[in-house]
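Q: Mind looking at a prediction? Sequence and model below.
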Amino acid sequence: MAASKIAITIDDKTLQRLDLLVKSKYFPNRSNAIQQAVAEKLNRIDKSRLAQECAKLDPDFEQSLAEEGFSSELEEWPEY
């Protein structure tokens, strides 16, 4: 996977906490820790966007769409 080098500014307290995690081998290095954090945040945003869009749906309308034409299909199937 291609990667790009960037520069960031981070407050001292957060950097100290990050360095403790790297020192304790929770992350192999700062770069990896920040990559994982950004990826996780982007995934959360994607999931929340999906939930927001789903919340806009009208369940009754969606149900009517799902059942549209269903009654005519029932007539075509033999009764058991």
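A: On my side now, so go ahead.
Q: And for R30, the neighbour number?
A: Using other Cβ atoms under 10 Å, R30 has 15 other residues around it. Glycine gets a C-beta too; all of them are placed from N, C-alpha and C.
Q: From K56, how far off is K25?
A: 44 Å (Cβ to Cβ, to the nearest Å).
Q: The host helix or strand of R44 packs against which elements?
A: Element membership for R44, per DSSP states H and E: helix 30-55. Packing partners of helix 30-55 (3 or more Cβ pairs under 8 Å, 6 or more residues apart in numbering; DSSP states H and E): helix 12-23.
Q: Now do the same for the helix it packs on: mean pLDDT, whole number.
A: Average pLDDT, helix 12-23: 98.
Q: before we move on, what about stretch 59-78?
A: For stretch 59-78, the mean pLDDT works out to 74.
Q: Ok, stretch 43-56 next?
A: Averaged over stretch 43-56, pLDDT sits at 84.
Q: Output that stretch as PDB, nothing but the C-alphas.
A: Listed next in PDB are the C-alpha coordinates belonging to stretch 43-56 (Å, rounded to 0.1, in the frame of the first residue of the first chain):
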ATOM      1  CA  ASN A  43     -14.400   3.800  10.100                       C
ATOM      2  CA  ARG A  44     -16.500   5.200  12.900                       C
ATOM      3  CA  ILE A  45     -17.500   8.100  10.800                       C
ATOM      4  CA  ASP A  46     -18.500   5.800   7.900                       C
ATOM      5  CA  LYS A  47     -20.600   3.600  10.200                       C
ATOM      6  CA  SER A  48     -22.400   6.600  11.800                       C
ATOM      7  CA  ARG A  49     -23.100   8.000   8.400                       C
ATOM      8  CA  LEU A  50     -24.700   4.700   7.400                       C
ATOM      9  CA  ALA A  51     -26.800   4.800  10.600                       C
ATOM     10  CA  GLN A  52     -27.800   8.400   9.900                       C
ATOM     11  CA  GLU A  53     -29.000   7.500   6.400                       C
ATOM     12  CA  CYS A  54     -30.800   4.500   7.600                       C
ATOM     13  CA  ALA A  55     -32.600   6.600  10.200                       C
ATOM     14  CA  LYS A  56     -34.000   8.700   7.400                       C
END
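Q: No further questions, thank you.
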